[in-house]
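In: Have a look at this prediction, sequence included:
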Number of protein chains: 2
Amino acid sequence: MEKKKYERKTMQTKKEIKDAFISLIEEKGFNAVTVRDIATRAKINRGTFYLHYLDKFDLLEKCEQEIFQKIEGIARELNSSNMKELFSSGRPLPFIVNLFHYFQKDASFLKVILSPKGDPLFEEKLRNTIIDNMFRNISNIPNMSNLNIPLEVMTQFISSAHLGVIRYWLNTDMKQTPEEISSMLVQMILKGPLEASGLIKIIMEQK
Amino acid sequence: MEKKKYERKTMQTKKEIKDAFISLIEEKGFNAVTVRDIATRAKINRGTFYLHYLDKFDLLEKCEQEIFQKIEGIARELNSSNMKELFSSGRPLPFIVNLFHYFQKDASFLKVILSPKGDPLFEEKLRNTIIDNMFRNISNIPNMSNLNIPLEVMTQFISSAHLGVIRYWLNTDMKQTPEEISSMLVQMILKGPLEASGLIKIIMEQK
DNA sequence: TCAAAATTCAACATCGTGTTCATTTAAAAG
DNA sequence: CTTTTAAATGAACACGATGTTGAATTTTGA
């Protein structure tokens, strides 16, 4: 009760700053947002902003850290899933499903930050996180060197495809359930997108 | 010979501006680059910059326009390829192969502009261009509404996967030939990345 | 009510911006 | 080589965002 005495007040101010920040990124893009803008929108003094953050980059970093801490939490609470089981079952990784569930909750921020108005570095970090958790126990597999396609090329393909679908899902207001969308993803990964969607069949049946 | 009299001089200055611009984006990212920086690096007066461009955003736009004009040229010179033939042959679309050939030439700019230090909107525009040219004659196909996976989800998956591989290829100094890398891509699209790479087989053979 | 913490307010030097205008430099043409 | 004319320079300007300071004020919890 010593250090937390005035915590509530501080937290409220920080929340107002973050809310203003997100709405401003959505409107004009992160780069165009100024500390003035944030202070005005949050109805605080510009000096108050600097009591909590070094600058707008610091604020961005703090916001992103929150997200990654939650993702780490999700990854930790899952027993590292068995790849072999995944591949034969055709079911999405529990990590991915839970990720979509979480994204649904923090959609407003994630949608903005993953858009072209947001932070390109965030997408890169998120891609790496997804790959790390997806192939967590794959490094010990031998004979990796003689793949038809370099492992790195494949992981870039998979992680980018995931991010593309995540971005689309957020931008279209999450019409599908987390289970539906992650199931689509795993089907496209396992069979290829043309086969999984059935499009290839339709095209082939045409004269 | 009326208007082009002093064209050479102008062009040289513009080239110096663009070269300085690209190297500066690579160093500090587009957002951190100032007109001052560009003028200093290009060894011109700051005022001279404004004789040619409105601001750094205008310069960025002009640079990107050049790229898209070249891509349009590539798309035009190809007879719109037959999807059915593509799917049964397992060969990459000529458009994609030619795109990689062109990317190899303008690699220095494309690598930078597609990186997190570049312009996120450029990637989005490039993704749309790729999809437009890939599925050019697909809108007339009936029964699209009852696909297993919404067409938009599939196209986001495919275009994002392509961009991921393109980014990787540029960042690793294009170790594969355009033919090789686009062949990997089409294999991953047709069979799925795990099957195409052979990784799934290796994992399944493990006890 | 009182003390501490959080916030406000005004002021400051610094830097990048975009514009201007007179001047200088350099290229093409005679 | 000289003239013409476009391109580039250099200096100055007002503006707005930055990050910092110190004193005053408000809010909070005890």
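Out: Ah, there it is. Numbers count the residues shown, from 1 in each chain, chains lettered A, B, ... in the order given.
In: Spatially nearest residue to A:Leu110 (excluding sequence neighbours)?
Out: Among residues not flanking A:Leu110 along the chain, A:Phe103 sits closest, at 5.6 Å (C-beta to C-beta, 6 or more residues apart in numbering or on different chains). Where you see a C-beta, it was placed from the backbone N, CA and C, and this is true even at glycine.
In: Go through stretch A:106-125 and flag the buried ones.
Out: A:109-115, A:117-123 (16 or more other C-beta atoms under 10 Å in any protein chain shown).
In: do stretch A:120-139 as well
Out: Residues A:120-123, A:126-127, A:129-131, A:133-135 are the ones in stretch A:120-139 that count as buried (16+ other C-beta under 10 Å).
In: A:Lys62: how many residues sit nearby?
Out: 16 (other C-beta atoms under 10 Å in any protein chain shown).
In: Give me the contacts around the worst-scoring helix or strand of chain A on mean pLDDT.
Out: Scoring the helices and strands of chain A by mean pLDDT, DSSP states H and E places helix A:83-89 at the bottom, with a mean of 77. Residues from elsewhere that reach helix A:83-89 (C-beta atoms under 8 Å, 6 or more residues apart in numbering or on different chains): A:92-93, A:135, A:137-138, A:186, A:190, B:194, B:200, B:203-204, B:206.
In: 7 Å instead, please
Out: A:93, A:137-138, B:194, B:200, B:203-204 (C-beta atoms under 7 Å, 6 or more residues apart in numbering or on different chains).
In: Mind listing what's buried along it?
Out: Buried, per 16+ other C-beta under 10 Å, within helix A:83-89: A:83, A:86-87.
In: can I get those in TSV with distance to A:Phe68?
Out: Converted to TSV, those look like this (distance: C-beta to C-beta, whole Å):
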residue	distance to A:Phe68
A:Met83	23
A:Leu86	24
A:Phe87	28
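In: Contact partners for A:Glu64?
Out: A:Glu64 neighbours (C-beta under 7 Å, 6+ apart): A:Phe122.
In: So is the helix or strand in which it is found next to DNA strand D?
Out: According to DSSP states H and E, A:Glu64 maps onto helix A:56-76. Yes - interface with DNA strand D: helix A:56-76 contributes A:Lys56 (C-beta under 7 Å from any atom of the strand).
In: for that helix, what is the average pLDDT?
Out: What helix A:56-76 shows for mean pLDDT is 97.
In: Which residue, other than its chain neighbours, is closest to the residue nearest the centre of chain A?
Out: For chain A, the residue nearest the mean C-alpha position is A:Leu126 (5.3 Å; C-alpha atoms, centre = their mean). Residue nearest to A:Leu126 in three dimensions, not counting chain neighbours: A:Leu163, with 6.6 Å by C-beta to C-beta, 6+ apart.
In: which ones are touching that neighbour?
Out: A:123, A:126-127, B:160.
In: From A:Glu123, how far off is it?
Out: According to C-beta to C-beta, to the nearest Å, A:Leu163 stands 6 Å off from A:Glu123.
In: Over to A:Met188?
Out: 19 Å.
In: hmm, back to that, what's the most distant pair in the contacts of A:Leu163?
Out: Comparing every pair within those by C-beta to C-beta identifies A:Leu126 and B:Ser160 as the most remote, at 12.7 Å.
In: Can you tell me the element the residue of chain A found nearest DNA strand C falls in?
Out: Per C-beta to the nearest atom of the strand, A:Thr13 is where chain A lies closest to DNA strand C, at 2.9 Å. If you go by DSSP H and E, A:Thr13 is part of helix A:7-28.
In: So which residues make contact with the following helix or strand past that helix?
Out: Toward the C-terminus, helix A:7-28 is succeeded by helix A:35-42 as the next helix or strand (DSSP H and E). Applying C-beta under 7 Å, 6+ apart, the contact partners of helix A:35-42 are A:16-17, A:20-21, A:23-24, A:45-46, A:49, A:55-56.
In: for those residues, which one is nearest A:Glu72?
Out: A:Phe21 (22.7 Å).
In: and the closest one, how far is that from B:Gln12?
Out: 43 Å.
In: So the two - more neighbours on which side?
Out: Each of A:Phe21 and B:Gln12 has its neighbours counted (other C-beta under 10 Å); A:Phe21 has more, 26 against 10.
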